[in-house]
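1. any chance you can model this:
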Amino acid sequence: MYSKVIRNITLLSKFKVVSQYANNYPACSSSLISTINTSPQLVVAARRQYSNSTPEEMIVDFDYVKKASAAKNKVIIDVREPDEIKEHGKIPNSINIPLGDVSSALSTLPDEEFEKLYGTKKPTEDAEIIFYCMIGKRSGMAQQNAISLGFQNARNYLGSWTDWARKSN
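-> Numbering: from 1, shown residues only. Got it, this is the predicted structure:
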């Protein structure tokens, strides 16, 4: 009896580690959590890898984004809603594609239409794209969507607008 309880606690502890890792790096993994019917206490966590990049390469910081905002070969996408941008501001040279539109904009929107809507050429699958939002959560979801569409150089500015506003003044 006690060994079963200890084993279940160990499995749950391991699950927490995997779950915390997945939450910290949403773009490089997605968590699938299910309960096995034979034992209600047994929880299994599985992770699916979307990219060959290490989590550190997929997350960028203020200095990286500052340099990227001046570069012509990088695309910075703000996934916040337009009213958030009006209220708080935006990173220079970034374009706004709300989170709900990211997948269709990158996959099915024709190149000409993309350029007309967003004022820049549609990124190719090998282009470096940096996503940001207010605190880094929505941008992580956008990054994960982009990677699943084949954009292997998608990055997440984890500090996002909150970090940018604090450090750029």
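
2. hey, where'd the helices end up in this structure?
-> 2-24, 55-58, 62-70, 82-88, 99-107, 111-118, 137-148, 160-167 (DSSP state H).

3. if you compare those helices, which one is most tucked away?
-> Highest mean neighbour count among the helices of the chain (mean count of other C-beta atoms under 10 Å): helix 137-148, with a mean of 23. In short, each C-beta sits where N, CA and C put it, glycine included.

4. can you check what angle separates that helix from helix 99-107?
-> 20 degrees (axes from the mean of the first three to the mean of the last three C-alpha atoms, to 10 degrees).

5. pLDDT averaged over helix 137-148, what's the number?
-> For helix 137-148, mean pLDDT rounds to 97.

6. which parts of the protein belong to which domain?
-> Listed domain ranges for the chain are 2-49, 55-167 (source: automatic domain parsing).

7. which of those domains has the lowest mean pLDDT?
-> Per-stretch mean pLDDT for the domains of the chain is lowest at domain 2-49 (a mean of 42).

8. tell me which of the helices of the chain sits nearest to residue 129.
-> Closest of these to residue 129 is helix 137-148, at 6.0 Å (criterion: C-beta to C-beta).

9. show me what that closest one is packed up against.
-> helix 99-107, strand 128-132, strand 154-157 (3 or more C-beta pairs under 8 Å, 6 or more residues apart in numbering; DSSP states H and E).

10. confirm for me that residue 134 is in contact with residue 161.
-> Yes. In this structure, residue 134 is within contact of residue 161 by C-beta atoms under 8 Å, at 5.1 Å.

11. next, show the common contact partners of those two.
-> Counting by C-beta atoms under 8 Å, 6 or more residues apart in numbering, the contacts common to residue 134 and residue 161 are 80, 88.

12. on that earlier part again, mind putting the helices of the chain into TSV with distance to residue 154?
-> Shown next, in TSV, are the helices of the chain (distance: least, C-beta to C-beta, whole Å):
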stretch	distance to residue 154
helix 2-24	17
helix 55-58	7
helix 62-70	13
helix 82-88	20
helix 99-107	9
helix 111-118	16
helix 137-148	4
helix 160-167	15
